[in-house]
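A.B. asks: have a look at this fold, sequence not included:
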């Protein structure tokens with residue numbers, strides 16, 4: 001037997017709200033399957049199962065907020081006899097048998113709208129994600145059960161199907177909101193929970209000429225407050241407990257940009273590299289070469305990490321910030337890193353991050369270059385011991401072989417924990433990033 005517990009999805013997370021179960025008792029699950037949706041102060045996360053087996057019992061009801069580490073469910077892994085589960089209470093009165101045309105679903109299954117097929121919560125979630133109407137799917141499983149394979153091979157619904165997340169559909173149903181009347185802000189126009197909440201709050205106040213009067217009220221700004229409060233609490237802790245030191249350097253990107261243009265010449269537009277890919281890869285390789293900055297400060301000691309999980313700060317549309325991790329960023333090719341980064345940012349802003357993508361970054365990068373910022377001096381995310389800031393790539397005068405010329409440059413900064421490293425170590429880290437960007441073919 002194994003316990004499925006409320007995971008820790010960040011250093012600032014003490015508790016989480018179970019939003020939705022995607023499995024039921026008796027369902028078979030495989031390690032890596034998404035089995036629940038959890039809401040934190042920052043975002044909504046899809047949580048994977050870390051064991052393979054059969055769901056024995058669900059211990060927490062949706063809508064319940066519990067501390068990290070609380071048992072949410074029991075998984076029978078086959079390693080020992082399953083624990084006894086209390087038998088359901090008898091029905092108060094015998095119900096008439098269902099008509100032959102409406103067969104009853106097996107335990108853990110649900111009939112679709114057509115009444116002639118059944119599916120598990122996990123399959124229904126997959127159908128929601130793909131925009132599939134289960135009533136139109138023929139189940140190939142026993143007794144007409146719709147399987148994961150049936151959904152994966154079914155064509156997506158036509159334009160009459162409103163694209164919305166499962167949480168958004170549930171909120172709309174409870175609030176009496178017509179999803180077809182909403183405009184989704186998620187990927188591909190998908191309606192998100194925040195879209196439904198905004199509609200339920202009513203239309204915005206009419207525009208006025210006065211800038212003072214046009215400021216958002218506390219009511220309209222409220223959705224972003226929990227996320228900002230969580231970030232503020234974590235940063236306050238970091239400021240109190242971590243003895244920061246700060247370094248910065250300007251990096252000449254002329255060689256790197258010329259190399260990138262040559263590489264992009266024969267690539268489709270969608271696959272072309274951008275400067276952020278080169279910068280992130282150089283940071284990841286530098287973290288591998290300078291392990292004193294890649295790891296965690298725990299129990300009054302530094303614990304270096306064997307792998308590089310590069311946290312990338314992503315601003316959310318509704319306010320707030322998350323920092324999902326690029327796992328093994330130092331071993332990715334540049335095209336692979338680009339594709340992974342795009343997917344990560346899209347899922348973060350669409351509220352579809354998985355728990356494995358938010359767990360344990362070893363070093364975080366915050367890039368505000370697209371916001372016009374030239375330099376960023378950030379606060380370290382505990383228990384990490386360093387944070388890299390990247391600014392905007394700008395044309396600046398530089399001296400080359402005694403001649404003044406103009407080259408694209410970027411300001412890279414380092415915020416580091418003086419308990420784990422010193423200025424000499426930090427300088428070596430930034431110097432290594434610079435050297436890599438002068439030899440971009442090695443990235």
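C.D. replies: Cool, the structure landed. Here the structure is a predicted model, which means the values were calculated and not measured.

A.B. asks: drop to CA atoms for contacts and neighbour counts, all remaining ones
C.D. replies: OK.

A.B. asks: quick one: contacts for the residue positioned nearest the centre of the chain?
C.D. replies: The C-alpha lying nearest the average C-alpha coordinate of the chain belongs to residue 353 (C-alpha atoms, centre = their mean; 2.9 Å). By C-alpha atoms under 8 Å, 6 or more residues apart in numbering, the contact list for residue 353 reads 44-46, 324, 344, 347.

A.B. asks: before we move on, which element is the residue nearest to residue 340 when sequence neighbours are not counted in?
C.D. replies: Closest residue in space to residue 340, ignoring its immediate chain neighbours: residue 326 at 7.5 Å, by C-alpha to C-alpha, 6 or more residues apart in numbering. Taking DSSP states H and E as the definition, residue 326 sits inside strand 325-327.

A.B. asks: after that strand comes which helix or strand?
C.D. replies: Moving toward the C-terminus from strand 325-327, the first helix or strand encountered (DSSP H and E) is helix 334-349.

A.B. asks: averaged pLDDT, that following helix. What do you get?
C.D. replies: The pLDDT scores in helix 334-349 average 90.

A.B. asks: can you tell me what sits against it?
C.D. replies: With C-alpha under 8 Å, 6+ apart as the test, helix 334-349 has contacts from 186-187, 271, 273, 277-278, 281, 314-317, 322, 324, 326, 329, 353, 443.

A.B. asks: what helices or strands is the strand holding residue 326 leaning on?
C.D. replies: Applying 3 or more C-alpha pairs under 8 Å, 6 or more residues apart in numbering; DSSP states H and E, we find strand 325-327 packed against strand 309-312, helix 355-358.

A.B. asks: neighbouring contacts of that strand?
C.D. replies: Residues from elsewhere that reach strand 325-327, judged by C-alpha under 8 Å, 6+ apart: 307-312, 340-341, 357-361.

A.B. asks: can I have the buried ones of those residues as a ChimeraX selection?
C.D. replies: To isolate in ChimeraX the members of the contacts of strand 325-327 that are buried, counting by 16 or more other C-alpha atoms under 10 Å, one can use:
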select :307,308,309,310,311,312,340,341,357,358,359,360,361
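
A.B. asks: now the buried members of the contacts of helix 334-349.
C.D. replies: 186, 273, 277-278, 281, 314-316, 322, 324, 326, 329, 353, 443.

A.B. asks: greatest separation within these: which pair is it?
C.D. replies: 186 and 443 (32.9 Å; C-alpha to C-alpha).

A.B. asks: what's the closest non-adjacent residue to residue 365?
C.D. replies: Excluding the flanking residues, the one nearest residue 365 by C-alpha to C-alpha, 6+ apart is residue 388, at 4.7 Å.

A.B. asks: confirm that neighbour sits in a strand?
C.D. replies: Yes. Residue 388: assigned to a strand according to DSSP: H, G, I helix; E, B strand; the rest coil.

A.B. asks: re the thing from before, by mean pLDDT, show me the worst of the helices and strands packed on strand 325-327.
C.D. replies: helix 355-358 has the lowest average pLDDT among the helices and strands packed on strand 325-327, namely a mean of 84.

A.B. asks: what's the following helix or strand after that helix?
C.D. replies: The element immediately downstream of helix 355-358 (helix or strand, assigned by DSSP H and E) is strand 363-367.

A.B. asks: which other residues reach that following strand?
C.D. replies: Contacts for strand 363-367 (C-alpha under 8 Å, 6+ apart): 280, 287, 293-295, 308-314, 323, 376, 378, 380-381, 384-391.

A.B. asks: partners of it, with directions?
C.D. replies: Using DSSP bridges, the strands paired with strand 363-367 in its sheet are strand 309-312 (parallel), strand 386-390 (parallel).

A.B. asks: so can I have TSV of those strands showing distance to residue 411?
C.D. replies: Output for the strands paired with strand 363-367, formatted as TSV (distance: least, C-alpha to C-alpha, whole Å):
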stretch	distance to residue 411
strand 309-312	17
strand 386-390	6
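
A.B. asks: just give the nearest non-adjacent residue to residue 8, would you?
C.D. replies: Nearest to residue 8 is residue 68, by C-alpha to C-alpha, 6+ apart, at 5.8 Å.

A.B. asks: mind listing what that neighbour touches?
C.D. replies: Going by C-alpha under 8 Å, 6+ apart, residue 68 touches 5-8, 13-16.

A.B. asks: moving C-terminal from the helix or strand of the chain with the lowest mean pLDDT, which element do we reach first?
C.D. replies: The helix or strand of the chain with the poorest confidence is helix 218-221; it has a mean of 36 (mean pLDDT, DSSP states H and E). Under the assignment DSSP H and E, the closest C-terminal helix or strand after helix 218-221 is helix 225-241.

A.B. asks: so which elements touch that following helix?
C.D. replies: With contacts taken as 3+ C-alpha pairs under 8 Å, 6+ apart, helix 225-241 sits against strand 321-322.

A.B. asks: how much space between residue 322 and residue 358?
C.D. replies: Taking C-alpha to C-alpha, to the nearest Å as the measure, residue 322 falls 8 Å from residue 358.

A.B. asks: ugh, typo on my part, it should be residue 21
C.D. replies: Distance of residue 21 to residue 358, given as C-alpha to C-alpha: 20 Å.

A.B. asks: how about residue 283?
C.D. replies: From residue 283 across to residue 358, the span is 19 Å (C-alpha to C-alpha).

A.B. asks: check the offset of the strand holding residue 326 from the chain's centre.
C.D. replies: Centroid separation for strand 325-327 versus its chain: 10 Å, with C-alpha atoms, centre = their mean, to the nearest Å.

A.B. asks: residues near residue 389, how many?
C.D. replies: Residue 389 has 22 neighbours, counted by other C-alpha atoms under 10 Å.

A.B. asks: residues in contact with it?
C.D. replies: Residues in contact with residue 389 (C-alpha under 8 Å, 6+ apart) are 365-368, 375-378, 412-415.

A.B. asks: repeat that with 10 Å
C.D. replies: Residues in contact with residue 389, defined by C-alpha atoms under 10 Å, 6 or more residues apart in numbering, are 248, 364-369, 374-379, 411-415.

A.B. asks: cool, and residue 377?
C.D. replies: Residues near residue 377 by C-alpha under 10 Å, 6+ apart: 246-248, 366, 387-391, 412-415.

A.B. asks: filter those to the buried ones?
C.D. replies: Buried members of the contacts of residue 377, counted by 16+ other C-alpha under 10 Å: 246, 248, 366, 387-391, 412-415.

A.B. asks: can you redo these as TSV with pLDDT and distance to residue 36?
C.D. replies: Formatted as TSV, the buried ones among the contacts of residue 377 follow (pLDDT from 0 to 100; distance: C-alpha to C-alpha, whole Å):
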residue	pLDDT	distance to residue 36
246	97	40
248	97	42
366	94	29
387	97	31
388	97	33
389	96	34
390	96	35
391	94	37
412	97	39
413	97	38
414	98	37
415	97	36
